[in-house]
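>>> task: produce atomic coordinates for the following.
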Amino acid sequence: MAHLYKKLKKGHEYFYIRETQRVYGKPTTINQVYLGTADKVEAALGKGGFSPKEFGSIFALNELDREVDLAGMINEILPPKKRVRGPSLGELVFYAALNRAIAPTSKRQLANWYETTDIQRIRPLRLESLNSQNFWNHWDRISDLDLEKIKAAFFKKINALLPAQKHRLIIEAADISAPPKPSVFADMPQPDQDFLAEHLAQQKLGLALITEWSQGIPLYYQSYSGGVPVTGFYDHLEHLLGKVSNLGVGIEDVTLLVNQEMDAAPIIEQIDAKDGMHFIVSYAPDVAPELTEISLKDFRPLPGNRGIQLSPVAKEDEKILFYETHATFWKQPRRVVITFDPKSFHKSYQDLGKKVQRVRKETLALSQRQAQEANQASAIESIKTHLAQLCLRLKISPDLFQLNFVQEKGQFRLEFQLDHRQMASVVRLFGKNILITDHEDWGVEEIYDTCVTRAVLGPELGNAKSAANNRPNGNAKDNRSLFQKALLPLYHWTDSKIRVHLFVCVVALDYLTLLSQRLAAKGIIMTPNEAMEELRELRTAIYAKDPDGKLKRVLEEVNDQQAAILKTLGYVVEDGKVAAL
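Next up is the predicted model:
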């Protein structure tokens, strides 16, 4: 309930809008907005809504959770301790997952973010309880065995919400790294900084994720200390499929997405020998350079309209191109699809140009400083060493450059040139990707869609910046996958916290993809990102709605897309409130 509240300060009256609500059975002020002095109040109230708060995204995901009851599920496995006030362990995990699905923040910023939302009208709580120490105190209760129980209960519930049919499964695996942040080392002695930096740099966690093919809904995952086991991974794959089968998931077939870091040969050999198992291997173009020499004139536009780059309204010079052939890999002829992404090509080309200019500038500047050195041979060697080290840092080959030292009047002059043949061979690889598969019956767009657009981990999982630059799906500002957006940055540095964080992020991904599935079942085709963008714009605000001027928090104007999403969830908007159909 919202009402005007007056305060006296030094004999002057100042007015606030104060909202109160029962939280854990006690009347609590959940929001307060300063209006000003009395002469400003009437004018201010006539301008429209006050204190707008995000509503639609929180409401939609909370409605999905009514069928899952994540908090109740966790509390049943790890019951709340006596005399504990505030959110339970299960509720804290839910609040963390909700944030990760919508607008990921650190635990330190979580309460501030929830203050910008209308969580108090949907799932009331005391925001001060959402502090990092409270999270750590509760999360420390979750042992590895407890987490396995929680995972089994959660994914069993998710499977029960899906249509009763056999599913085409996609399995991905990638490593997650937690790079140290400067703030971690604040006020630490140097030896401690060195030790922690080395520990965090070596820290790595592997993740294998199983999703159903149509909407990418996660059905199970497994983490691995020290990273994904690149050798013998097929044995782990069999174990994962056994876990999924025990949860009641019907399996039609399985496709493993193999990245370049895996030891592909033994995996492919075992997949070849088993019915219902398939693979798609994604390789960088330098693995098979002969395939990159095919002229782009022989490439064709990729069919389909999933994802922003496959849109039929995309410019001709922005469309993904492909060339299909067969080549021998792992002792058998395999179907090969070579793709070319013009946007990726132009970005890589521009980045290379900037790096070349930096190398030219630094190398020439160094040569001018050392041209008159007495020991000419040592100066020349120093320049060559600097060039090699600079190229190593910039991740380009020193073979791109030709250095010619010309002796003139007792000193040398550097002639710096590009090796255009080497440049051409490097540029020829830009924007290209090689996909190898045994799916002879799939369309090219299905192969690309599964391995590139639909994949939720990707090869750059431990590098948020690189992932944001290279992945093709999502919007123009942030091209990371759904899972990468939820997962990164980690804000966690210990294995135990990262394992719980992984579960939270997979829960977030499940809720987002379940929402897309519900919408698709009603004929509303929207990606999770698109649905969240619409719902985040659905807000509540305080208005003077009653004839007598009483204040009420109500929904702002609802557009057709937002109304359609709410209807899919079984709700309509009446008199500024959501009401069940």
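>>> which residues does Lys156 contact?
Applying Cβ atoms under 8 Å, 6 or more residues apart in numbering to Lys156 gives the contacts 247-248. C-betas here are computed from N, CA, C, even on glycine.
>>> at 10 Å what do you get?
Contacts here follow Cβ atoms under 10 Å, 6 or more residues apart in numbering; on that basis Lys156 touches 73, 219-220, 246-249.
>>> domain parsing for the chain?
1-124+538-581, 144-285+444-521, 345-427 (automatic domain parsing).
>>> ends of the longest one, what's the gap?
Distance between the two ends of domain 144-285+444-521: 36 Å, counting by Cα to Cα, to the nearest Å.
>>> mind checking how far that domain is from the chain centre?
Chain-centre distance of domain 144-285+444-521: 11 Å, with Cα atoms, centre = their mean, to the nearest Å.
>>> if we can go back for a sec, possible to save the contacts of Lys156 as JSON lines with pLDDT, distance to Arg360 and neighbour count?
What follows is the contacts of Lys156, written out as JSON lines (pLDDT from 0 to 100; distance: Cβ to Cβ, whole Å; neighbours: other Cβ atoms under 10 Å):
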{"residue": "Met73", "pLDDT": "97", "distance to Arg360": "60", "neighbour count": "18"}
{"residue": "Leu219", "pLDDT": "96", "distance to Arg360": "52", "neighbour count": "23"}
{"residue": "Tyr220", "pLDDT": "96", "distance to Arg360": "52", "neighbour count": "26"}
{"residue": "Asn246", "pLDDT": "93", "distance to Arg360": "61", "neighbour count": "11"}
{"residue": "Leu247", "pLDDT": "92", "distance to Arg360": "58", "neighbour count": "19"}
{"residue": "Gly248", "pLDDT": "91", "distance to Arg360": "62", "neighbour count": "11"}
{"residue": "Val249", "pLDDT": "93", "distance to Arg360": "57", "neighbour count": "21"}
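>>> follow-up on the earlier one: nearest to Phe322, of the domains of the chain?
domain 144-285+444-521 (5.7 Å; Cβ to Cβ).
>>> sketch out the low-pLDDT regions of the stretch 101-250 of the chain for me.
Where the stretch 101-250 of the chain drops to pLDDT under 70, the residues are 177-203.
>>> ranges for the helices of it?
Counting by DSSP state H, counting those that start in this stretch, the stretch 101-250 of the chain has these helices, from start to end: 107-115, 119-122, 132-139, 144-161, 190-202, 233-246.
>>> just name the most buried of those helices.
With neighbours taken as mean count of other Cβ atoms under 10 Å, the helices of the stretch 101-250 of the chain reach their highest mean count in helix 119-122, at a mean of 19.
>>> packing partners for it?
strand 12-23, strand 26-36, strand 50-54, helix 56-68, helix 89-102, strand 577-580 (3 or more Cβ pairs under 10 Å, 6 or more residues apart in numbering; DSSP states H and E).
>>> tell me the helix or strand right after the single longest helix found in the chain.
The residue-count maximum for a helix in the chain (DSSP state H) belongs to helix 342-370. Using DSSP states H and E, the next helix or strand after helix 342-370 towards the C-terminus is helix 376-394.
>>> how far does that next one sit from its chain's centre?
The answer for helix 376-394 is 39 Å, by Cα atoms, centre = their mean.
>>> outside of that helix, which residues touch it?
351-352, 354-356, 358-359, 362-364, 366-367, 369-373, 375, 396-401, 403, 405, 407, 410-412, 414, 416.
>>> state the mean pLDDT of that helix.
Helix 376-394 shows a mean pLDDT of 90.
>>> before we move on, what about stretch 453-465?
Stretch 453-465 comes out at a mean pLDDT of 55.
>>> same check, this time on stretch 349-365
94.
>>> buried sites along it?
352, 355-356, 359, 363 (16 or more other Cβ atoms under 10 Å).
>>> distance of the residue located most distally from the centre of the chain from Gln372?
Of all residues in the chain, Lys409 has its C-alpha farthest from the mean position, at 59.8 Å, by Cα atoms, centre = their mean. Remark: distance between Lys409 and Gln372 (Cβ to Cβ, to the nearest Å) = 10 Å.
>>> pLDDT of stretch 425-439, averaged?
In this model, stretch 425-439 has an average pLDDT of 94.
>>> first-to-last residue distance for it?
31 Å.
>>> same question, stretch 512-532
By Cα to Cα, one end of stretch 512-532 lies 8 Å from the other end.
>>> and that stretch, how far out from the chain's middle?
17 Å.
>>> hmm, Leu78 and Gly90 touching each other?
Yes: using Cβ atoms under 10 Å, Gly90 makes contact with Leu78 at a distance of 7.8 Å.
>>> of the two, which one has the most company?
Gly90 (22 against 17; other Cβ atoms under 10 Å).
>>> quick one: contacts for that one?
69-80, 138, 150.
>>> hmm, 6 Å instead?
71, 74-75 (Cβ atoms under 6 Å, 6 or more residues apart in numbering).
>>> still on that earlier bit, which one of the contacts of Lys156 is nearest Leu566?
Looking across those and measuring by Cβ to Cβ, the closest to Leu566 is Met73, at 25.8 Å.
>>> any idea how far the closest residue to the closest one other than its chain neighbours is from His239?
Excluding the flanking residues, the one nearest Met73 by Cβ to Cβ, 6 or more residues apart in numbering is Ala153, at 5.1 Å. Distance of Ala153 to His239, given as Cβ to Cβ: 19 Å.
>>> and for Trp139?
Trp139 is 26 Å from His239, by Cβ to Cβ.
>>> could you do Leu394 as well?
From Leu394 to His239 the distance is 42 Å (Cβ to Cβ).
>>> swap in Val427?
Here the criterion is Cβ to Cβ. By it, Val427 lies 43 Å from His239.
>>> report the contact partners of Arg335.
Contact partners of Arg335, counting by Cβ under 6 Å, 6+ apart, are 437, 440.
>>> and the helix or strand where it lies, which strands flank it?
For Arg335, the host element (DSSP H and E) is strand 332-340. Strand 332-340 has its sheet partners listed here by DSSP bridges as strand 321-329 (antiparallel), strand 432-437 (antiparallel).
>>> alpha carbons of that strand, as PDB, please.
The C-alpha coordinates for strand 332-340 follow below in PDB (Å, rounded to 0.1, in the frame of the first residue of the first chain):
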ATOM      1  CA  GLN A 332      36.200 -42.400 -43.000                       C
ATOM      2  CA  PRO A 333      34.600 -40.000 -45.500                       C
ATOM      3  CA  ARG A 334      32.700 -37.400 -43.500                       C
ATOM      4  CA  ARG A 335      30.300 -34.600 -44.200                       C
ATOM      5  CA  VAL A 336      32.000 -31.300 -44.000                       C
ATOM      6  CA  VAL A 337      30.400 -27.800 -43.900                       C
ATOM      7  CA  ILE A 338      32.600 -24.800 -44.100                       C
ATOM      8  CA  THR A 339      30.900 -21.600 -43.000                       C
ATOM      9  CA  PHE A 340      31.900 -18.000 -43.600                       C
END
